[in-house]
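Novice: got a predicted model here, sequence first, then my questions.
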Amino acid sequence: MNLMKKLIFLSGSVSAICISAGFFLKVLHWPVSQTFLSMGLMILLLVFVPLTWFYYSESNITRMASEKFRFALGMTCAILIGIGWVLKVCHLPGGDMILVTGGIILSFGFIPMVIYRMYKNEVGL
């Protein structure tokens with residue numbers, strides 16, 4: 001697990017640096033800005049988020065299957081919405097469909113589960 005934590009930290013740091021550099025270079029209208037921004041977002045979505053997902057699901061942070069499912073659903077939404085957004089920004093095909101799919105899963109799956117869990121904890125069921 002120590003190696004996993006290091007990989008999570010490294011990929012998160014690299015993606016944050018690339019994303020912030022991409023935004024900064026985008027403001028300056030430099031041509032490499034799109035490359036930095038896309039690379040940072042892809043590292044975030046395809047390396048950092050899945051590693052975090054795997055680490056969370058393998059650790060003993062939660063034991064309830066419903067919490068693991070809710071976390072997996074939230075991560076899936078984040079990945080789909082993020083990849084759809086990157087594809088839309090880069091004007092590549094398929095971005096609309098992936099973005100809509102992530103939004104539907106978020107709206108009708110993840111958010112109702114979170115609200116139900118909050119209600120259940122508040123009422124004391």
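Specialist: Nice, I can see it. Just so we're clear, the structure is a prediction, and the values are computed from it rather than from any experiment.
Novice: quick check: mean pLDDT across whichever strand or helix holds residue 41?
Specialist: Using DSSP states H and E, the element containing residue 41 is helix 33-43. Taken as a whole, helix 33-43 carries a mean pLDDT of 87.
Novice: run the chain-centre distance for the helix or strand just after that helix.
Specialist: Under the assignment DSSP H and E, the closest C-terminal helix or strand after helix 33-43 is helix 49-58. Distance of helix 49-58 from its chain centroid, counting by C-alpha atoms, centre = their mean, to the nearest Å, is 11 Å.
Novice: about what we covered before: okay, the angle between the helix holding residue 41 and helix 49-58?
Specialist: 20 degrees (axes from the mean of the first three to the mean of the last three C-alpha atoms, to 10 degrees).
Novice: next, the buried residues of helix 33-43.
Specialist: Taking 16 or more other C-beta atoms under 10 Å as the neighbour-count basis, helix 33-43 is seen to contain the buried residues 33, 36-41, 43. (Glycine included, C-beta is placed from N, CA and C.)
Novice: which helices and strands sit right next to it?
Specialist: The contact analysis (3 or more C-beta pairs under 8 Å, 6 or more residues apart in numbering; DSSP states H and E) places helix 33-43 against helix 2-27, helix 65-89.
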